[in-house]
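Enquirer: A structural model of the following input is requested.
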Amino acid sequence: MTISNGAMLLVKFTSFICGGVAVGVSPTHKLVDLPSLVTLFQTWTKFSLGDNEPVVPELFLGANLLPPKPDLPNMSASINIKAEKFSMKRFVFTAAKLAELKVRVDPEFGQAKNMGEFKPSVMFQAVNLRQRMSPPLPETAMGNFIWPFMVVVEEEKDMELVQLVIQMRKSFNHFCNNDANMFKGKDGTIKILEKLKERGEFFKKTGDMSVYKCSSWCKLPLYDTEFGWGKVLWHVSINKIVSNTVALMDTRSRNEIEVILTLDEEEMRILETNQELLEYATINPSIKFFSSTTQSKL
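Expert: Here you go, the predicted model:
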């Protein structure tokens, strides 16, 4: 799908000789986030099936919650990670392998194996603010209700699997308890600008760090989408713009995880030959095989 700087929403329909079809959807993040897109798909599904009670999006809740201000400074919330050449790979974790990984998050488990030269890193994990505000917002609220929290790793010892999980949980709980509810009302815009300034000061202070961005599509009803030709067999996020991104999503079985990862080409070559990772994940499995094996578990 060609990227357009002017379009708010791009939709591309592709039909294949085999009879299958693909629908590509590309909205601007300035207007919507993934839960908003899910609401669009739910409405689309209702109309496709002739349902007289479609899902009704909450179109104006965002403007009422955070009134627009025309005199805002030109500041961007985007975190772009530049790389001359990067690649994208799919890693699929079955339910059994996910269970094994959860067992490994145990204080008695040893340190993670070194995969190369260590470099201080920070990961930004996107959070859906709707259910974390007080009072909670409906999932049908249209807009970009996403904000990331940071997980910082400054020393190599902090790369231990258990420590990473503990640090991520602490950062997530701190964000939900202290920050998630501040992005609204008359002072909401000021709080957003303060957080962006804090982020900028953090990078000035820390200097050169590896930056990663993670978002989760898990538990969203994307596989319930129905355009009129049967339910979706497979959905995927395509990123050809920035590197160091991680997108987590369910498979059709709802109990497996598919990871879409972008990394510098050399880093990806190191990662995809890591035997410890290969014990748990299948890299770029065939879509046909992937769909058929998942269907058998439904």
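
Enquirer: C-alpha from now on. contacts and neighbour counts both.
Expert: Noted.

Enquirer: Need the pLDDT of the most centrally placed residue in the chain.
Expert: Among the residues of the chain, the smallest C-alpha distance to the mean C-alpha position (C-alpha atoms, centre = their mean) belongs to residue 215, namely 1.9 Å. pLDDT, the model's per-residue confidence, is 95 for residue 215.

Enquirer: quick one: it is in a strand?
Expert: Yes. For residue 215, which was evaluated using DSSP: H, G, I helix; E, B strand; the rest coil, the result is membership in a strand.

Enquirer: Okay, and the beta partners of residue 215?
Expert: residue 247 (DSSP bridges).

Enquirer: Verify the stated contact: it with residue 259.
Expert: No. Residue 215 sits out of contact with residue 259 when judged by C-alpha atoms under 8 Å, with a separation of 10.1 Å.

Enquirer: can you list residues touching both of the two?
Expert: Applying C-alpha atoms under 8 Å, 6 or more residues apart in numbering, one finds that residue 215 and residue 259 are jointly contacted by 246-248.

Enquirer: Only the buried subset of those, as a PyMOL command please.
Expert: Command for PyMOL, covering only those of the shared contacts of residue 215 and residue 259 found buried under the criterion 16 or more other C-alpha atoms under 10 Å:
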select buried, resi 246+247+248
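
Enquirer: Turn the shared contacts of residue 215 and residue 259 into TSV, including pLDDT and distance to residue 105.
Expert: Conversion of the shared contacts of residue 215 and residue 259 to TSV gives the following (pLDDT from 0 to 100; distance: C-alpha to C-alpha, whole Å):
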residue	pLDDT	distance to residue 105
246	95	20
247	95	21
248	96	19
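
Enquirer: tell me the contacts of the residue nearest to the centre of the chain?
Expert: Residues touching residue 215, when contacts are defined by C-alpha under 8 Å, 6+ apart, comprise 125-127, 246-248.

Enquirer: If we use 7 Å, what do you get?
Expert: The contact partners of residue 215, taken as C-alpha atoms under 7 Å, 6 or more residues apart in numbering, are 125-126, 246-248.

Enquirer: Checking residue 219 next. Helix, strand or coil?
Expert: Taking three-state DSSP, the label given to residue 219 is coil.

Enquirer: That one: how many residues sit nearby?
Expert: Neighbour count of residue 219, defined by other C-alpha atoms under 10 Å: 11.

Enquirer: Let me see the contact set for it.
Expert: residue 250.

Enquirer: Residue 31 belongs to a strand, doesn't it?
Expert: No. Assessed with three-state DSSP, residue 31 is coil; it does not lie in a strand.

Enquirer: Excluding chain neighbours, what is closest to it?
Expert: Residue nearest to residue 31 in three dimensions, not counting chain neighbours: residue 143, with 5.3 Å by C-alpha to C-alpha, 6 or more residues apart in numbering.

Enquirer: Kindly report the same for residue 153.
Expert: residue 121 (5.2 Å).

Enquirer: and what of residue 40?
Expert: Beyond its immediate neighbours in the sequence, the residue positioned closest to residue 40 (C-alpha to C-alpha, 6+ apart) is residue 57, lying 7.6 Å away.

Enquirer: For that neighbour, give me its contacts.
Expert: 39, 140-142.

Enquirer: related to what we said a few turns ago, what bridges to the residue nearest to residue 153?
Expert: Here residue 121 sits in beta bridges with residue 153, residue 210, as judged by DSSP bridges.

Enquirer: Can you give me the end-to-end span of stretch 230-250?
Expert: Criterion C-alpha to C-alpha, to the nearest Å; first-to-last residue distance in stretch 230-250 is 19 Å.

Enquirer: what's the answer for stretch 213-226, then?
Expert: When the termini of stretch 213-226 are compared using C-alpha to C-alpha, they are 30 Å apart.

Enquirer: List the buried residues of it.
Expert: In stretch 213-226, residues buried by neighbour count (16+ other C-alpha under 10 Å) are 213-218, 221-226.

Enquirer: again, but for stretch 94-107
Expert: With burial defined by 16+ other C-alpha under 10 Å, the residues of stretch 94-107 counted as buried are 94, 97-98, 105.

Enquirer: what's the answer for stretch 172-185, then?
Expert: Of the residues in stretch 172-185, those scored as buried under the neighbour-count criterion (16+ other C-alpha under 10 Å) are 172, 175-176, 179-181, 183-184.

Enquirer: what comes into contact with that stretch?
Expert: So stretch 172-185 is contacted by 65-66, 129, 132-134, 149, 188-189, 191-192 (C-alpha under 7 Å, 6+ apart).
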